Each structure stands twice: as structure tokens, then as C-alpha cells.
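Colleague: Attaching a predicted model along with its sequence, questions to come.
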Amino acid sequence: MSEGFDQVIAYHQRTKHQPQAMAPGPGGLDWSNQPDPFRSYEAATQIMLKRQGFFPPAREGSGEETQNELIRHSPLNMESLSQLFFESLAISGQKSLANSRWSLRVNPSSGNLHPTECYLIAGPVAALPPGVYHYAPKSHALELLAKMEEESWQALHLPGGTLLLVFSSIYWRESWKYGERAFRYSMLDVGHALAAVAVAAHCLGWQASLEDDPGTEDLTKLLGLEEQSRFSHYDLEEEHADVLLAIFTDGRRHQLSLHSSHLSQLKLQREPVRANILSLQHVPWTWIDLVSEAAKKPPTSYVYSASFSSPGTGRAQTDLASIYSRLLRLRRSAQVMDGRSSMPLPSFFAILRAAMPSAPPFGLLPWKPCVHPVIFVHRVEGLEKGLYIWLRDATQKEELKAAMLEDFVWERPSRTPQDLELYLLAQGDSRLAAKETSCRQDIASDGCFAAAMLSQFEEPLQKYGPWYYSRLFWECGMIGQAFYLAGEAAGFQGCGIGCFFDDIVHRMLGLSGWKYQDMYHFTSGRALPDPRLIDLPAYD
């Protein structure tokens with residue numbers, strides 16, 4: 001075992017909530033010092049993007065056929081580039097209550113705190129010069145951070161029209177509210193953002209691919225995040241590079257392997273920009289720094305032998321793009337569930353299918369599935385109430401079965417489609433168990449179903465290294481995003497639940513040791529509106 005592995009295990013254990021003792025946190029919220037949810041770069045050249053999604057706003061007298069036209073492959077230009085960001089990472093609306101006003105985004109975030117930032121590295125795109133850009137959702141604009149010699153971009157020999165996106169995290173935005181557990185939530189948010197971008201790309205007829213061979217330091221240098229002169233509070237508002245995503249816009253499928261040596265070939269000229277100050281005061285959380293250091297990824301070469309699966313390209317996926325393209329900006333996180341509504345069985349199966357390894361968001365992941373939702377079924381028509389498990393990789397069934405309670409029945413419901421590996425573990429009312437394991441929150445028992453995302457843990461960390469810890473959270477966040485979107489498509493709402501009692505879930509399932517860990521919770525049902533809130537347009 002490496003020191004980094006031990007550090008990850010120690011962090012994960014110490015940040016588990018227990019009924020008698022929650023994970024270390026701030027103990028209260030200093031609202032006067034809440035971090036700015038928007039990163040911006042002073043003195044940066046801003047290139048404004050078009051504030052329009054896949055469909056223009058409905059106009060009086062417009063025909064229904066205009067709104068229902070299917071999304072097909074879009075050529076790469078400034079309009080489609082604007083749509084990619086507008087439908088994945090932009091502001092989706094604003095809420096007002098009394099004298100308070102806040103923004104919502106297309107990609108959800110724990111506590112609406114948004115630690116995730118996105119950067120674009122691109123060759124020439126219409127009026128966009130080659131360079132490194134920061135995406136600024138507050139203004140829906142690209143901020144130029146570094147100019148790039150076009151010849152060095154061409155030397156990468158990428159397919160025509162390829163875009164590179166790099167995601168980073170600002171832990172302070174999360175730790176202000178959640179303390180030590182903030183690293184977990186930041187990584188879940190990266191997963192949600194990855195899925196949001198992948199689905200938006202799919203709606204444009206583009207392909208998203210996670211490029212995981214470059215190391216953390218390679219991405220840090222590419223973005224210039226190591227330049228302390230750029231930040232007023234570098235140590236306390238530091239951005240941590242997470243992952244590189246390639247977007248192929250030519251309508252073809254590609255398998256690419258970008259290495260550290262490729263990225264170092266890019267010849268960049270940094271702009272004299274400075275990051276905005278997020279907070280005047282900061283609270284350090286040593287264990288977040290320790291786990292972040294332990295989870296840094298070294299450069300690798302073909303670290304994953306082959307992709308587990310790729311998204312389909314048939315009629316079903318085209319229809320899915322048509323459905324999703326209309327609701328990406330409408331997705332909202334439920335605050336309260338009605339506790340009465342039932343979910344039709346086809347809708348339940350559709351929500352599960354949206355998180356299958358072959359579904360569009362997950363085609364970008366180059367590893368075999370690690371996460372299998374344990375599902376508390378409360379009110380799904382045609383399905384017995386009880387505790388279920390959905391295997392996203394059927395080959396892991398016997399291993400999971402051997403690790404869990406012997407008296408689980410492992411029965412396949414009679415109406416389950418062949419492509420879904422859904423098993424009943426125990427029949428009965430699971431509402432109390434869902435509520436108790438989710439920090440006693442009513443929302444987990446008042447939905448139609450709730451899920452605890454059980455992940456392989458020790459084995460992948462030993463196989464790849466402690467840096468894989470982040471990727472387990474990414475996969476969970478992507479499943480949550482898929483549940484959100486498929487639920488909205490079926491007329492239901494979802495809510496990610498970051499507060500849960502990890503070890504109580506493990507004991508409930510008969511699990512011990514570090515082979516499997518509960519990483520994230522989610523609930524889906526019919527949300528109740530808050531009449532006190534006023535909805536406002538995303539952009540004034």
C-alpha cells in the first residue's frame with residue numbers, strides 16, 4: 001500500500017457522517033464571507049457568446065414544427081460553440097426571495113456553490129483565435145488567458161474541429177459550507193459537469209471523450225494555474241486541475257490518446273490577467289489539502305486498456321437527443337417531494353436506462369463501471385416496495401452477492417426488461433431506511449424511489465492508484481445527472497443527496513471492509529413548488 005492510498009482511506013473514513021457525530025465542518029455559515037460563485041479574470045479579453053440554446057424562445061404565432069425539429073449534426077462554428085456552453089454550464093435561471101437573489105445553473109452543484117470551472121483549448125473557430133479560454137457563465141463569455149500558435153495546435157494532429165475542455169475545482173467554495181467533506185462534493189460536481197457537457201455535445205451530434213493520460217500537473221501548467229501571480233489568495237483560493245475532455249465535432253467516432261508530451265508542445269503566450277477575489281477571509285481545511293495531494297494523477301500511457309462501451313447511434317439515441325435538447329435548461333433540483341405520487345414502471349426503467357454504460361453521457365468514460373445503485377423503491381407502479389440493486393455491469397453480480405447479506409433474495413422482477421440487471425434484495429416498506437440513511441431527510445422517503453450509489457472501492461484504487469478516488473465520485477455524479485434528466489423527461493424531479501450515513505448503509509447491506517463504499521445518494525419523485533420563490537430570467 002502506498003502512502004497516497006493510506007491518505008485517501010484515512011480521509012474517506014474521517015469524512016463519514018455518523019448519527020452521533022457529523023464529519024468536521026464549519027459549525028455555522030458566515031454569510032458575509034460567502035465565496036463568489038463566479039470566477040472571472042480581470043483585464044482578460046472577453047468574447048461574448050450567443051445567449052441562445054438549441055431552440056430559440058417561442059414566438060407568438062410560431063409553428064409547433066419549428067420547435068419540434070430534431071437535432072442533427074451541427075458544424076462547429078461560434079453559434080454551435082455557444083450552444084454547447086449555454087446548454088451545459090451556463091446560468092439557467094434566477095430565484096428571488098425577499099431581498100435575496102441567486103442564480104441557478106444548467107449543471108447542478110452541492111448547495112448551489114459551484115466549485116467547478118471549465119476552460120476551453122481550441123484551434124481557430126470562426127472569429128475565435130487559437131488559445132486557452134476560461135468559460136465565464138455569469139456573462140456567458142470566453143475569457144482569453146493565453147494566445148496559441150496555430151502551428152503548435154496543428155502539430156497535435158487532432159481530427160478537424162476538435163475542442164479540448166479542462167475542468168478544475170475550487171475547494172474553498174464547498175468547504176465554506178461543508179468543511180472537510182467538501183472534496184467529496186467537489187468531485188461529485190465534476191461528474192455532473194462532465195455529464196452535462198457530454199449530453200449537450202450529443203444533442204449537437206458531437207462526441208465527448210475523457211482523455212485521462214495527462215497528469216494533474218500537465219493540466220495545471222496548460223491552464224497556468226500554478227502561476228501564483230494570477231491569484232491574490234493563491235494558497236486559499238487555489239484551483240485544482242481535474243480532467244481533460246475532448247469534443248469531436250466532425251460527426252464521426254474517434255478514439256484518441258493525448259499524452260503529456262502532446263500538451264507540452266502547445267506554444268502559449270500568457271495574457272496579463274488576474275483572477276477575482278472570491279472571499280476576503282478563508283478557513284483552511286488541512287485534510288482537504290492532504291487528500292487532494294494524494295489524489296493527484298501522474299502522467300500515464302494508455303492507462304485503460306480499452307473502452308468498456310460506446311454510446312449507440314441508432315434511432316433511440318436520436319430520439320433521446322431530441323427529448324434532452326428541450327429540457328437541459330429546465331432541469332431543477334427538488335427541495336421537497338410530495339410523498340404521494342407514484343411513478344409508472346416504464347418511467348422508472350427509462351431513468352435507469354439513462355445511466356447505463358451505453359447511454360450518451362457514459363460513452364466518454366474509458367473504464368468499466370464501478371458504481372451500482374442500491375434502490376429503495378417506495379411508489380413505482382407494478383413494482384413491489386422494497387430494497388433493490390441495479391447492476392451496471394452484470395459480470396460483477398457474483399462478487400457483489402458474496403459480499404452482501406446471505407438472506408437477500410436476488411430475485412429479478414417479472415416485468416424487468418432484458419437489458420436491465422435489476423434484482424430485488426428484500427421486500428417491504430423501505431421509506432424509513434431511505435430516510436434514516438440519508439441523514440434523516442424526508443426527501444429521501446417522500447420521493448418515488450431513492451438510491452444509494454454503491455461503488456467498488458479498494459480494488460480500483462489498488463489497480464490504478466489513489467488518484468482513481470476522484471473518478472469514483474465522477475461516475476456517481478454522472479449517474480445523478482442522468483437520473484435528473486431522465487426524470488425531467490418523464491415529468492418527475494430529482495435531488496442529489498450528499499449527506500448520508502455511509503457505514504449504516506454498509507451494515508444494512510452486510511458489507512464490511514473497503515471492498516465497496518457508499519458514495520452518493522439520490523431521490524426522484526414529484527416535487528412541491530415553493531410559493532415564496534419568484535422565478536426570474538437567467539440573464540437580465
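Modeller: Looks like it arrived, so ask away.
Colleague: Show the contacting residues for A350.
Modeller: Neighbouring residues of A350 by CB atoms under 8 Å, 6 or more residues apart in numbering: A486, A489, A490. Where you see a C-beta, it was placed from the backbone N, CA and C, and this is true even at glycine.
Colleague: Pull the number of nearby residues for the residue lying closest to the last one once chain neighbours are set aside.
Modeller: When the adjacent residues along the chain are set aside, A490 lies closest to S347, with 3.8 Å between them (CB to CB, 6 or more residues apart in numbering). Other residues near S347 come to 19 when the count uses other CB atoms under 10 Å.
Colleague: for S347, helix, strand, or coil?
Modeller: When classified by DSSP: H, G, I helix; E, B strand; the rest coil, S347 comes out as helix.
Colleague: Would you quantify the distance from it to R326?
Modeller: With distances taken as CB to CB, to the nearest Å, S347 is found 17 Å from R326.
Colleague: next one: K385
Modeller: 33 Å.
Colleague: same question, A490
Modeller: 13 Å.
Colleague: correct me, but P37 touches R173?
Modeller: Yes - the pair P37 and R173 qualifies as a contact (CB atoms under 8 Å) at a distance of 6.8 Å.
Colleague: Show me which of those two is the more surrounded one.
Modeller: Using other CB under 10 Å, the more surrounded residue of P37 and R173 is R173, with 29 against 18.
Colleague: Report all helices and strands that the helix or strand hosting that one contacts.
Modeller: When secondary structure is defined by DSSP states H and E, R173 falls within helix 171-178. Secondary-structure packing of helix 171-178 (3 or more CB pairs under 8 Å, 6 or more residues apart in numbering; DSSP states H and E): helix 182-203, helix 286-294.
Colleague: Which strand residues bridge G494?
Modeller: Beta-bridge pairing of G494 under DSSP bridges involves S333, S524.
Colleague: Would you mind giving me the confidence score for it?
Modeller: The per-residue pLDDT reported for G494 equals 98.
Colleague: got it, and G63?
Modeller: Reported pLDDT for G63: 42.
Colleague: which stretches of the chain have low pLDDT?
Modeller: Applying pLDDT under 70 to the chain picks out residues 1, 56-71, 306-319.
Colleague: Show me how the record splits it into domains.
Modeller: Listed by automatic domain parsing, the domain ranges of the chain are 3-53+73-92+103-294, 315-525.
Colleague: To L536, which of those domains lies closest?
Modeller: domain 3-53+73-92+103-294 (9.2 Å; CB to CB).
Colleague: rewinding a little: take the domains of the chain and lay them out in a markdown table including distance to D540.
Modeller: Formatted as a markdown table, the domains of the chain follow (distance: least, CB to CB, whole Å):
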| stretch | distance to D540 |
| --- | --- |
| domain 3-53+73-92+103-294 | 10 |
| domain 315-525 | 16 |
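Colleague: among these, which is nearest P537?
Modeller: Comparing these by CB to CB, domain 3-53+73-92+103-294 comes nearest, at 9.3 Å.
Colleague: chain center to the closest one, what's the gap?
Modeller: In terms of CA atoms, centre = their mean, to the nearest Å, the centre of domain 3-53+73-92+103-294 is found 12 Å from the chain centre.
Colleague: Next, S96: phi, psi?
Modeller: Per-residue torsions, S96: phi -130, psi 140 (degrees, to the nearest 10).
Colleague: Assess the claim that it and L533 are in contact.
Modeller: Yes - with contact defined as CB under 8 Å, S96 reaches L533; the gap is 7.0 Å.
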